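Peer 1: Here is my input; please provide its structure:
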Amino acid sequence: MFDDSSDSSTTHGSQPLPRSLTRRQLLRAGIAGTIASFAPGHVRAGAATTQPIDEVKSKADTMNAQPLLGPYGSGALQHAARLVEFGANAVWFHGFNADAFEACHKHGLAACVEFKTFRADFTKHPELIPIGTDGKPIRFGRLVQGVCLSKRGFLDEIEQDLLASVGKFRPVGIWLDYLTYPGWFEVPEPDLQESCFCPDCIADFCRHANVDATTPAEILSRHQDRWTQYKCRRIAGLAARYAQIIRSHVPGCVIGAYMCPWTPDEFDGALMRIFAQDYLMLAPSIDVFTPLIYAKKSGRSGDWACKFLQAAPKFVPSHRKVQLILDVLDFPASLRAAASCPRPSWGVQLFGGADVFADPQQAAIFRESAQRIHQSLPSAAT
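Peer 2: Below you'll find the predicted structure:
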């Protein structure tokens, strides 16, 4: 889920960020309750502020704030004034984009970052390709996520990038993306492959699981459950590390994770078996779970959004929130289905939503749906 249009401003840009939003701006955006939890707002680290960072409200207060609704993609910020007019109070964009932060500040929008974790260009970095059950690099096409997690240098780069970024910017939220083992789930018939079985990953598994196994066949035939749990713990452990970095540098920041949109029993348990996403293990680190409900791409019906929301209490811890991201290709059916669902989403993201806000009639549909979502949620946005 990569927003190419926002990649021109890099994490390490030297452009200073604006000062905290005024209360008038917050009220105009309809999110005073949300952004008040994030003082000093979008201020660059080290800048003068009207409130010391230790006065930032607790994470519990943050998660009782108003839900966040708006488009994903920095391109939507060309319609920033219209976003506010038509019910959006947040924008999600790829990376720590200084221009996007400034635009959000100017229009009273919550700046939310999509932070890329385990995704790389395998044509440029073949050493990161995970190893499959046949002992060879996995099959992959143009779209693939996940890397071999034994490549310490790559993991160090992710961590250093995050550290440098949260040292400069104060986003309202950071959503971790590609926080999975390898594969791609935005298709009707996914190519699901077990991985990674490189010597380092096998050795690490044996050490943690206290087993003696040397081949993929042996691991999967004798230790499948332990293997799945090991992978899930590995993903959850890295998520915990990133969450610790974020919370120590940006207290009160909402931490989200983009999730495989499958229930735990679909595709023979592939949510955990293949992608290693375990809601219970991730819950200590993640405040908001955001499944990618891309109906047409995934060969699903338009009511998939509501079906997921209704199923979520069976596997998402009750103290964590579910916020859908919907695809503009499914607009407006998917958004309306989510807005009318008896089990509400904690706000909503609209991937590719710039086109919707370019058209006042379509933007009005978003506003209507946003109002319904607000009305469906308890006053504390639980």
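
Peer 1: ok, residue 197 - how many residues close by?
Peer 2: Neighbour count for residue 197, taken as other CB atoms under 10 Å: 24. To be clear about C-beta, it is placed using only N, CA and C from the backbone, and glycine gets the same treatment.

Peer 1: Distance of residue 136 relative to residue 202?
Peer 2: From residue 136 across to residue 202, the span is 15 Å (CB to CB, to the nearest Å).

Peer 1: what kind of secondary structure is the residue of the chain most remote from its centre in?
Peer 2: In terms of distance from the mean C-alpha position of the chain, residue 212 ranks first, at 36.0 Å (CA atoms, centre = their mean). At residue 212, secondary structure determined by DSSP: H, G, I helix; E, B strand; the rest coil is coil.

Peer 1: Give the residue spans of the chain that score low on pLDDT.
Peer 2: By pLDDT under 70, the low-scoring segments of the chain are 1-65, 379-382.

Peer 1: Do you have the strands of it handy? List them.
Peer 2: When assigned using DSSP state E, the strands of the chain occupy the ranges 69-72, 90-94, 110-116, 173-177, 254-259, 288-293, 321-322, 324-327, 348-351.

Peer 1: Serialize those strands to JSON lines and add fields for mean neighbour count and distance to residue 279.
Peer 2: Converted to JSON lines, those look like this (neighbours: other CB atoms under 10 Å; distance: least, CB to CB, whole Å):
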{"stretch": "strand 69-72", "mean neighbour count": "28", "distance to residue 279": "22"}
{"stretch": "strand 90-94", "mean neighbour count": "28", "distance to residue 279": "21"}
{"stretch": "strand 110-116", "mean neighbour count": "25", "distance to residue 279": "20"}
{"stretch": "strand 173-177", "mean neighbour count": "25", "distance to residue 279": "14"}
{"stretch": "strand 254-259", "mean neighbour count": "25", "distance to residue 279": "8"}
{"stretch": "strand 288-293", "mean neighbour count": "24", "distance to residue 279": "7"}
{"stretch": "strand 321-322", "mean neighbour count": "22", "distance to residue 279": "10"}
{"stretch": "strand 324-327", "mean neighbour count": "26", "distance to residue 279": "15"}
{"stretch": "strand 348-351", "mean neighbour count": "26", "distance to residue 279": "19"}
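
Peer 1: between the ones you listed, which one is nearest to residue 222?
Peer 2: Among the strands of the chain, strand 254-259 comes nearest to residue 222, with 29.6 Å by CB to CB.

Peer 1: before we move on, back to that, wait, doesn't the residue farthest from the centre of the chain sit right on residue 203?
Peer 2: No. The criterion here is CB atoms under 8 Å, and residue 212 misses it with residue 203 at 10.9 Å.

Peer 1: dump the residue contacts of residue 130.
Peer 2: Residue 130 makes contacts with 137-138, 146-148, 181-182, 195-198, 201, as judged by CB atoms under 8 Å, 6 or more residues apart in numbering.
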